[in-house]
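Peer 1: Provided below for reference: sequence and predicted model.
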Amino acid sequence: MCAAIKNPAKCKVRAVIRVFTAKQYSAAAIHRELCAVYGPNVMSEGVVHEWVRLFKSGRENIHDEERSGRPSLVTDELIQKIDGKVPENRRFTILELSDEFYYVLFCY
């Protein structure tokens, strides 16, 4: 038996699920195949069932959908400030740098 493929990309696993769904495999059979190739912790059987349902209902995209949520706090301005500070003292630690910009990031 071959060694399990470690840490596969989610989209690759979903592509395999999509192929097996097109071949009319059951979700349980797909899960067994995934576990045989990628290891037992690749994806739960419930998540496989959900993706099989989505593909059967017509979904073709294997990538995550865009989600709404909190916008990123990293801005071009913040990157420029950090880039300006680092040459001043190349021995900055991440902790010192985070203390410097804590207010900018979390106290808005």
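Peer 2: The structure has been received and is ready for your questions.
Peer 1: So this protein: which segments form each domain?
Peer 2: Using automatic domain parsing, the domain parsing of the chain gives 10-56, 76-106.
Peer 1: To R67, which of those lies closest?
Peer 2: Nearest to R67, of all these, is domain 10-56, at 14.3 Å by CB to CB. Any C-beta I mention is one placed from the backbone N, CA and C, and that applies to glycine too.
Peer 1: Check the domains of the chain for me and report the most buried one.
Peer 2: domain 10-56 (a mean of 16; mean count of other CB atoms under 10 Å).
Peer 1: From one end of that one to the other, what's the distance?
Peer 2: Domain 10-56 has an end-to-end distance of 19 Å (CA to CA, to the nearest Å).
Peer 1: before we move on, the earlier item: pipe the domains of the chain into JSON lines and attach distance to R67 per row.
Peer 2: Formatted as JSON lines, the domains of the chain follow (distance: least, CB to CB, whole Å):
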{"stretch": "domain 10-56", "distance to R67": "14"}
{"stretch": "domain 76-106", "distance to R67": "21"}
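Peer 1: Could you tell me the least trusted of the ones you listed?
Peer 2: Confidence, taken as mean pLDDT, is least for domain 76-106 of the domains of the chain (a mean of 72).
Peer 1: thinking again about what came up before, to E66, which of the domains of the chain lies closest?
Peer 2: domain 10-56 (14.6 Å).
Peer 1: Give me the distance between that closest one and the centre of its chain.
Peer 2: Centroid separation between domain 10-56 and its chain, computed with CA atoms, centre = their mean, to the nearest Å, is 17 Å.
Peer 1: out of the domains of the chain, nearest to G69?
Peer 2: domain 76-106 (16.5 Å).
Peer 1: Tell me where this structure has strands.
Peer 2: Using DSSP state E, the chain contains no strands.
Peer 1: residue ranges for the helices of this structure, please.
Peer 2: Secondary structure of the chain (DSSP state H): helices at 10-22, 27-38, 45-56, 76-85, 94-106.
Peer 1: For the third one, which helices and strands make contact with it?
Peer 2: Using 3 or more CB pairs under 8 Å, 6 or more residues apart in numbering; DSSP states H and E, the elements in contact with helix 45-56 are helix 10-22, helix 27-38.
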